[in-house]
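K.L.:
whatever this is, show me its structure:
(one chain, ligands or ions: 2)
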Amino acid sequence: MSAEVVRVGLLGLGTVGGGVIKTIRSQQEKLASRLGKRIEIVKALVRDSEKERAVHVDPALLTTDFEDVLSSDVDIVVEVMGGVEPTYDYVRALIEKGCHVVTANKELLAKRGTELVDLANQHQVHLAYEASVAGGIPILSVLRQFLRTNDIQGVRGILNGTTNFILTKMEAEQLSYQEVLKQAQELGYAEADPRSDVEGFDAMYKLYILAQLVYGESLPLADVVRKGIADLSAGHIRIASELGYRIKLIAQAYQAEKGIRLSVEPTMLPVSHPLAQIHDAFNAVQLSGNIVGDLLFTGRGAGELPTASAVVEDLAYLLTQPFTPHPTWKEKTADKAGGTLDSAERVLCYLEGSCQTATPDRVLHFLQQAGVNVQKLKVQFDLGGVLRAGLIVTGISEEHESLLKNDFGLSVRCFPILESA
Ligand SMILES: NC(=O)C1=CN([C@@H]2O[C@H](COP(=O)(O)OP(=O)(O)OC[C@H]3O[C@@H](n4cnc5c(N)ncnc54)[C@H](OP(=O)(O)O)[C@@H]3O)[C@@H](O)[C@H]2O)C=CC1
Ligand SMILES: N[C@@H](CC=O)C(=O)O
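P.N.:
Ligands and ions are numbered 1, 2, ... in the order given. Below you'll find the model as predicted:
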């Protein structure tokens with residue numbers, strides 16, 4: 001008996017789109033026997049149909065006109081073109097036409113997901129987006145299907161492969177930030193505009209989506225604390241390592257007294273911390289449930305095949321499952337947006353400046369007089385007379401930071417420390 005054919009359209013045929021085609025081709029027989037359906041790609045929207053591609057496709061399938069996809073009787077569309085405009089309009093039109101949509105586009109979901117989820121429910125179509133968070137790790141399916149009894153108390157993780165790759169290589173191979181970013185782009189990890197990765201936007205979009213699933217609501221993106229790694233130097237990484245820490249871009253969502261809080265920022269982890277062991281473009285998500293306790297999921301967070309795996313698993317899932325309404329997405333403004341340094345916290349404070357104006361003794365004296373508790377100190381001088389110091393402190397405030405900048409001519413950067421596993 002021949003398997004039913006499912007007509008799939010692709011929006012985008014770059015890194016992920018190419019991976020989707022390769023995966024469907026390599027797994028076609030298995031999928032047909034498991035699903036009783038054969039997946040046929042019938043159209044692929046691209047910007048430039050003449051461009052040479054990593055995967056060969058029949059040129060007749062390529063189009064630069066979205067109307068060709070919309071009018072081609074597709075059952076499902078896989079959106080892997082990225083961005084919000086014109087993507088939102090395309091996805092909207094497809095849902096209104098009754099197409100199921102699978103997307104890897106976290107930016108689209110974090111910015112317009114509330115509307116798209118409602119629209120998909122209204123038209124009774126699937127909107128599947130496993131690939132939008134943590135690449136190949138099936139974390140959204142776990143949250144949706146296997147953690148419905150637990151209250152999830154907090155979620156934290158490494159959600160961006162590019163920045164984790166950069167931090168790993170900067171530390172292990174002493175490569176420059178620019179050099180490693182270029183490698184990440186060549187390997188297909190980075191976003192089309194890599195500022196999204198290195199400035200923490202990409203991880204913020206993923207955290208927003210996780211919060212929708214974990215808490216049934218998220219904060220507006222403007223209320224999320226977001227700091228990136230673009231200004232991290234070899235000096236930061238070296239001092240951290242000498243003090244026994246490793247810097248990771250950590251995304252966290254937790255329930256505070258006045259509602260949920262979301263943050264993405266470079267954070268110091270003791271080298272023995274499980275998240276400090278996540279290297280290269282791997283991601284990790286740590287969850288803590290009131291019944292199950294702590295869970296840690298890890299896997300490849302970016303790149304052609306890990307992401308395609310999540311996309312094609314979504315396709316396989318929705319080909320076998322009847323439509324069920326998706327829980328509505330909500331946004332709730334934070335009572336008080338976080339972001340200011342809580343002086344009660346233990347932080348690693350990195351200072352850099354000329355030793356003409358700032359000697360370790362003078363800086364320590366100032367901090368002690370100001371009531372800052374210094375627990376550890378590492379100092380380095382280079383031949384050019386530059387002082388670099390790492391201090392583990394509690395009780396430092398933004399006012400102290402300003403005084404260190406203004407009175408001692410130091411550049412100051414304080415990093416939160418994540419002590420507990
Ligand atoms: N790369 C990764 O590791 C991951 C990516 N994602 C997400 O997947 C999506 C795709 O990423 P990726 O494959 O890396 O991106 P690429 O830049 O490699 O591919 C984008 C594709 O979309 C096409 N495209 C872009 N804009 C338009 C437009 N306006 N009209 C028509 N076609 C367009 C491009 O056409 P052309 O080829 O002609 O230029 C290209 O084929 C993004 O949302 C990204 O955030 C999610 C998880 C991991
Ligand atoms: N640019 C992203 C790709 C996957 O989402 C990343 O580096 O994690």
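
K.L.:
from ligand 1, how far off is residue 313?
P.N.:
Applying C-beta to the nearest ligand atom, to the nearest Å, the value for residue 313 to ligand 1 is 13 Å. (Each C-beta comes from the backbone N, C-alpha and C, glycine too.)

K.L.:
tell me which element that residue falls in.
P.N.:
helix 304-320 (DSSP states H and E).

K.L.:
so which bits of that helix are buried?
P.N.:
Residues of helix 304-320 classed as buried: 304-319 (neighbour count, 16 or more other C-beta atoms under 10 Å).

K.L.:
now residue 65: phi and psi?
P.N.:
phi -120, psi 120 (degrees, to the nearest 10).

K.L.:
for it, what are its contacts?
P.N.:
residue 45 (C-beta atoms under 8 Å, 6 or more residues apart in numbering).

K.L.:
tell me the pLDDT of it.
P.N.:
Note for residue 65: predicted pLDDT of 98.

K.L.:
from ligand 2, how far off is it?
P.N.:
27 Å.

K.L.:
hmm, residue 4 and residue 36 touching each other?
P.N.:
Yes - assessed by C-beta atoms under 8 Å, residue 36 is found in contact with residue 4 at 6.6 Å.

K.L.:
quick one: the helix or strand hosting residue 205 near ligand 2?
P.N.:
Per DSSP H and E, residue 205 falls inside helix 201-215. Yes - residues of helix 201-215 are located near ligand 2 by C-beta under 6 Å from any ligand atom, namely residue 202.

K.L.:
what about stretch 39-55, how long is it end to end?
P.N.:
Stretch 39-55 has an end-to-end distance of 17 Å (criterion: C-alpha to C-alpha, to the nearest Å).

K.L.:
please read the previous query as pertaining to stretch 329-346.
P.N.:
Termini of stretch 329-346 sit 35 Å apart (C-alpha to C-alpha).

K.L.:
and if you look at stretch 209-223?
P.N.:
In stretch 209-223, first residue to last residue: 14 Å (C-alpha to C-alpha).

K.L.:
next up, the contacts around residue 298.
P.N.:
Neighbour list for residue 298: 137, 278, 282-285 [criterion: C-beta under 8 Å, 6+ apart].

K.L.:
pretty sure residue 372 is touching residue 393, no?
P.N.:
Yes - between residue 372 and residue 393 there is a contact at 5.3 Å, judged by C-beta under 8 Å.

K.L.:
who in the stretch 201-350 of the chain is up against ligand 2?
P.N.:
Residues of the stretch 201-350 of the chain lying near ligand 2 (C-beta under 6 Å from any ligand atom): 202, 301-302.
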